[in-house]
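Novice: Model the structure of this input:
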Amino acid sequence: MRRSTLVICALLTIATSGCEQVDTAKAKLKLAWDKLRGRSTQQSPPPAPVRPAPDTAAARIAREQQAPATQRPRPPAAPQGQGLTRDVPYHSDDTGTVNPGMSEREVYELWAAPAAVRRVGEYTYLFFRNGCEYTCGTMDVVTLQDGKVVDAIVRWDGHRFSGESSSPPGRVPFANPGGDTLRIAPPPAPPPTPPPAPASHDAQ
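Specialist: Next comes the predicted model:
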């Protein structure tokens with residue numbers, strides 16, 4: 001009898017109340033229904049809002065110190081051909097001698113645009129085709145520091161370098177089955193020491 005009385009009262013309240021009181025009546029009805037079922041009427045408090053960390057000077061300095069570590073460029077690598085298994089002849093009218101101290105634009109005026117460009121810090125690496133990428137193991141490379149030529153590795157006859165190359169054409173590449181593993185040759189054996197001279201005994 002009590003349950004039906006509550007339901008009738010709630011329906012009468014909804015029917016006689018205005019639109020603004022409908023939500024209040026629904027809440028009261030739910031509260032009364034939960035009490036009859038023995039449910040807990042306590043509502044869990046909403047979670048506290050997450051506040052962003054304050055943007056302090058120390059936090060900004062920490063972010064700036066972490067940024068270079070994640071965005072540090074990798075050392076340059078020569079561009080790889082699509083399944084390059086043999087040398088492809090290279091012919092070009094853009095020939096000439098690159099001199100130390102030349103700018104990047106001056107190199108382009110001699111040898112035209114490179115096949116690839118890699119920039120790491122103050123260094124710029126220009127890669128040019130040479131027709132022996134497979135047997136030589138590398139393209140022709142011009143190295144610039146602060147925008148000026150400091151080194152070049154050339155293998156094509158049309159590419160010449162007047163400075164001292166870090167890898168002159170006479171240097172023959174050798175296979176390294178172990179990959180990029182540094183192997184240090186053992187030091188040469190010291191020359192054999194001569195036997196000591198026999199002591200001379202003077203007659204007295």
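Novice: quick one: Trp156 and Asp140 touch, right?
Specialist: Yes: counting by C-beta atoms under 8 Å, Trp156 touches Asp140, with 5.9 Å between them. The way it works is simple: take the backbone N, C-alpha and C, and place the C-beta from them, glycine included.
Novice: what do the two both touch?
Specialist: 128-130 (C-beta atoms under 8 Å, 6 or more residues apart in numbering).
Novice: Could you list the domains of this structure?
Specialist: Taking automatic domain parsing as the domain assignment, the ranges for the chain are 2-37, 78-174.
Novice: Need the winner for burial among those domains.
Specialist: When the domains of the chain are scored by mean count of other C-beta atoms under 10 Å, the highest mean neighbour count falls to domain 78-174 (a mean of 15).
Novice: Tell me where the chain has strands.
Specialist: Counting by DSSP state E, the chain has these strands, from start to end: 96-98, 116-120, 123-128, 140-145, 148-153, 159-161.
Novice: Quick one: residues in contact with the fourth one.
Specialist: Going back to what we said before, that points to strand 140-145. With contacts defined as C-beta under 8 Å, 6+ apart, strand 140-145 is touched by 78, 98, 103-104, 107, 114, 122-130, 149-156, 159, 161.
Novice: Neighbouring strands of that strand in the sheet, and parallel or not?
Specialist: Strand 140-145 has the following strand partners under DSSP bridges: strand 123-128 (antiparallel), strand 148-153 (antiparallel).
Novice: Among those, which comes closest to Thr193?
Specialist: strand 148-153 (43.0 Å; C-beta to C-beta).
Novice: give me every residue that touches Gly158.
Specialist: By C-beta under 8 Å, 6+ apart, the contact set of Gly158 is 92, 94-96.
Novice: I meant Val150, not that one.
Specialist: Neighbouring residues of Val150 by C-beta under 8 Å, 6+ apart: 100, 143-144, 163.
Novice: Could you identify the most distant pair in these?
Specialist: With C-beta to C-beta as the measure, no two of the contacts of Val150 lie farther apart than Leu144 and Gly163, at 12.1 Å.
Novice: By average pLDDT, which secondary structure element in this structure comes out worst?
Specialist: The weakest-scoring helix or strand in the chain, judged by mean pLDDT, DSSP states H and E, is helix 57-71 (a mean of 58).
Novice: Could you measure from the nearest residue to Arg129 once chain neighbours are set aside over to Ala112?
Specialist: Nearest non-adjacent residue to Arg129, counting by C-beta to C-beta, 6 or more residues apart in numbering: Tyr90, 4.9 Å away. Distance of Tyr90 to Ala112, computed by C-beta to C-beta, to the nearest Å: 12 Å.
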